[in-house]
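> model this:
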Amino acid sequence: MLDLTNIAHHPVLTEMVDVLCAKTQNNDRSFFSAEIAYFLGKMASSMRATIVTRDRGEIPVNIYALALATSGFGKGHSVGIVETEFMKGFKRRFMEDTFPVIAETNLWHIANDRAARSGKDAQEEYDKAVAEFHRKGPFLFTFDSGTSPAVKDMRQKLLLANSGALNFQVDEIGSNLLGNLEVLTLFLELYDQGIVKQKLTKNTADNIRGEELDGKTPANMLLFGTPSKLFDGGPTESEFYSFLDVGYARRCIFGFGHVHRKAYETMTALEVFTKLTQPTNVATINKWATHFHKLADPAMYDWKIIVEDDVAVELLEYKHDCERLAEALPEHEEIRKAELSHRYFKALKLAGAYAFVDESNELEMGHLLSAIKLIEESGEAFRVILSREKAYVKLAKYIANVGEEVTHADLHEALPFYKAGQGARNEMMNLAIAHGYKNNIIIKKTFADGIELFKGETLAETNLEKIRLSYSEHWAYNYLNEEVPFDQIHLLTQAPEMHWTNHHLKMGHRAEENVLAGFNLIVIDVDGGVPITTVHELLKEYKFLTYTTKRHTEAEHRFRLVLPMNYYLELDSEEYKEFMNCFMAWLPFKVDEASNQRSKKWEAYENGEYVYNLDGEMIDIRPFIPKTKRNEEYRSQHQALESLDNMERWFAQRIATGNRNNHMIKFALAIVDSGVTLLEVEKSVRGFNAKLSNPLTDREISTTIMQTVAKRFEP
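A predicted model of the protein is given here:
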């Protein structure tokens, strides 16, 4: 591809966009660039400028543009500035002087031609042509809606005049798209050469079909508005993408603007006013308004722009580059393929508009390269448009950010794309939940008096440097809220006479009503039944801290297990209890069930032994978050393994997805560590194996599993 780094935009585009940025106090140039391209094409095609090529013949200069920007961007304001300040002189001169003069000349050409064929008087034929011309109504320099017959009627008038262009300009395209489907379909035909097939109508005394005229009528189009109205998740969005698919992707120059006013946010009102009224704005407007007025001179009519061979070769090289890139795209990206492979044609038409503005009879290399630069920026804007958020993504984000429980009625009221029909809304909600499932958004579903309630949040990843806890020298009062590094928690757990919790507290008082929702640390008491070394081995894939408590002995291990979570959660008392119960049931050993209280505190022990495992991953807590889809799936899997104990369930889940023999050995060795005899280990192994849906053979257990176990018992 061409290196466009040092290629500048055409001065007319740069200077006009500079003014629009200053006037709208917005520095995002993409929307304004597409808009200006349309107006340049509008002037060139009104004067019937054409590009003369050796390989494709004559091509009319015309521009289709689609420019979207968020609310408050200054879309309508910027269009108004161009129409009333930059182009006012061109429009007046063209409509009042140039168009009538050229129309009269062409009507005489038509009259003389018809007279020569019919043998009638030229004046009589002229009078008939003039009457037909006036029957078509006044020429509209710009229109924002219409019907296919009306556009064809206007086109017939332009054929009679052999001047002017069809200029279709729609604001708030999202709201007006469905009302203009007929015109948009017709404009698909008009783009390339300004030619459209006529509809056959019945010829009557009241509706006399006029004589068909050969010729071209260039067409320009500007569609602009807010993306939220266009991407409504309904018929409008569907129709829009259908139009892109059938041809508008390859025809349009795209712009996509965001409100970007950082440069103005720190200014005072006086500084903003000074910038809005700076003399350079007025000078630029006057400069180009005067020049555009000159372009409406009849001498500029039928302007021919010759493409020399070197420029034509450069354009072909650009075309081949684009086609190669399009070929590399996957087959399902047909819209992107179409847009990319036809960029060269949009670049040619825009380069012709630049040449017309420069009053150049030659399409120069600079015109082409500047045009290609804008078309490449248009391609990036098109990529943004195609990667818009789907409706269900917006729904998931809305539920996560609204901050309260919502019903279907609330969602229907707040979101225009949320359907009222039960089937449609359930499908969208399921898609939203599925999106959240993979994008760290949890959506909880509950019922109250038969009404579905939804509440969500975006999960924030845990920063290991900011683990939430509070601590005090008193068991109930004077707790201090802190965020500490995980690898420094032992300084607290080994401190003398210290108590701590894994939540922050209001007013330092440890009571359930004072617990502030929000935690990123799980703390579990393990009181006997499993050796601490076994826990270290079983959980070695996760980050953890263990420290022994006062009641710990060599005969009966009592210790505390501390695990950082991969996400920060805010749960109320009941949800926390449900979360912890679910998590504790997942562990491969029995623990103290009192760990499910939010207000529970733990005591430090200065003489205890602590062990860190900092090499593993943080525990993924998403399956344990209550009232979520992932939790429902986990509970379903857990229920299927309900007949197994904690240890068996832990290894059964791993055996289902990994090396069966390897995991069975780990299971057997974990049993060994619990202090039982070799016969009891074999009984446990065979009993567990019998419960599996895909058990190991007796021979494999005897020759591999039990042989490994036996070695552990050797002195």
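> show me where pLDDT drops low in the stretch 51-200 of the chain?
198-200 (pLDDT under 70).
> Which parts of it are strands?
Applying DSSP state E, counting those that start in this stretch to the stretch 51-200 of the chain gives strands spanning 57-60, 64-69, 166-170.
> what helices or strands is the second one leaning on?
Applying 3 or more Cβ pairs under 8 Å, 6 or more residues apart in numbering; DSSP states H and E, one finds that strand 64-69 makes contact with helix 30-46, strand 219-225, helix 227-230, strand 252-257. All C-beta atoms are positioned from the backbone trio N, CA, C, and that covers glycine.
> my guess is K275 contacts K23, does it?
No: counting by Cβ atoms under 8 Å, K275 sits too far from K23 to count as a contact (9.3 Å).
> These two - which one has more neighbours?
Taking neighbours as other Cβ atoms under 10 Å, K275 and K23 compare with K23 leading, 19 against 16.
> What residues sit buried inside the strand or helix carrying that one?
Using DSSP states H and E, K23 falls within helix 11-24. Across helix 11-24, burial judged by 16 or more other Cβ atoms under 10 Å covers V12, L13, E15, M16, V17, V19, L20, C21, A22, K23, T24.
> what about the nearest residue in space to the last one that is not next to it in sequence, neighbour count?
Read it as T24. Take T24 and drop its neighbours on the chain: the residue closest to it by Cβ to Cβ, 6 or more residues apart in numbering is G74, 3.1 Å away. Per other Cβ under 10 Å, the neighbour tally for G74 reads 22.
> So G74 versus T533, what's the distance?
68 Å (Cβ to Cβ, to the nearest Å).
> what sits in contact with each of K275 and K23?
Common contact partners of K275 and K23 (Cβ atoms under 8 Å, 6 or more residues apart in numbering): none.
> How far does stretch 157-165 sit from its chain's centre?
With Cα atoms, centre = their mean, to the nearest Å as the basis, stretch 157-165 stands 43 Å off its chain's centre.
> Give me the contact list for it.
Stretch 157-165 has contacts (Cβ under 8 Å, 6+ apart) with 42, 45-48, 62, 94, 98-99, 102-103, 106-107, 109-110, 129, 132-133, 136-137, 139, 141, 166, 194, 213, 215, 217-220, 301.
> Report the buried members of the residues you listed.
By neighbour count, with 16+ other Cβ under 10 Å, the contacts of stretch 157-165 hold 42, 45-48, 62, 94, 98-99, 102-103, 106-107, 110, 129, 132-133, 136, 139, 141, 166, 194, 213, 217-220, 301 as buried.
> And the helices in the stretch 51-200 of the chain?
Applying DSSP state H, counting those that start in this stretch to the stretch 51-200 of the chain gives helices spanning 75-81, 88-93, 99-118, 122-135, 148-161, 173-176, 181-190.
> Now tabulate those helices in TSV and tack on distance to E512.
Formatted as TSV, those follow (distance: least, Cβ to Cβ, whole Å):
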stretch	distance to E512
helix 75-81	53
helix 88-93	71
helix 99-118	81
helix 122-135	85
helix 148-161	70
helix 173-176	50
helix 181-190	61
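> To M365, which of those lies closest?
Checking the helices of the stretch 51-200 of the chain against M365 by Cβ to Cβ gives helix 88-93 as the closest, at 27.1 Å.
> Could you name the helices and strands sitting against that closest one?
On a contact count with 3+ Cβ pairs under 8 Å, 6+ apart, helix 88-93 meets helix 279-295.
> for the helix or strand following the helix it packs on, the distance to its chain's centre please.
Of the helices and strands lying after helix 279-295 in sequence (DSSP H and E), the nearest is strand 304-307. Taking Cα atoms, centre = their mean, the mean C-alpha location of strand 304-307 is offset from the chain mean by 41 Å.
> The chain should start at 74 in everything you say after this.
Fine by me, first position is 74 from now on; the one you just mentioned is strand 377-380.
> List the buried residues of strand 377-380.
I378, V380.
> contacting residues around the helix or strand just after that strand?
Once the chain leaves strand 377-380, the next helix or strand it forms, by DSSP H and E, is helix 382-401. For helix 382-401, the external contacting residues (Cβ under 8 Å, 6+ apart) are 74-75, 126-128, 380, 409-411, 413-417, 420-421, 436-438, 441-442, 445.
> do stretch 691-710 as well
With Cβ under 8 Å, 6+ apart as the test, stretch 691-710 has contacts from 506-507, 510, 515-519, 532, 535, 537, 595, 615-616, 636-640, 642, 644, 648, 651-652, 655-656, 659, 726.
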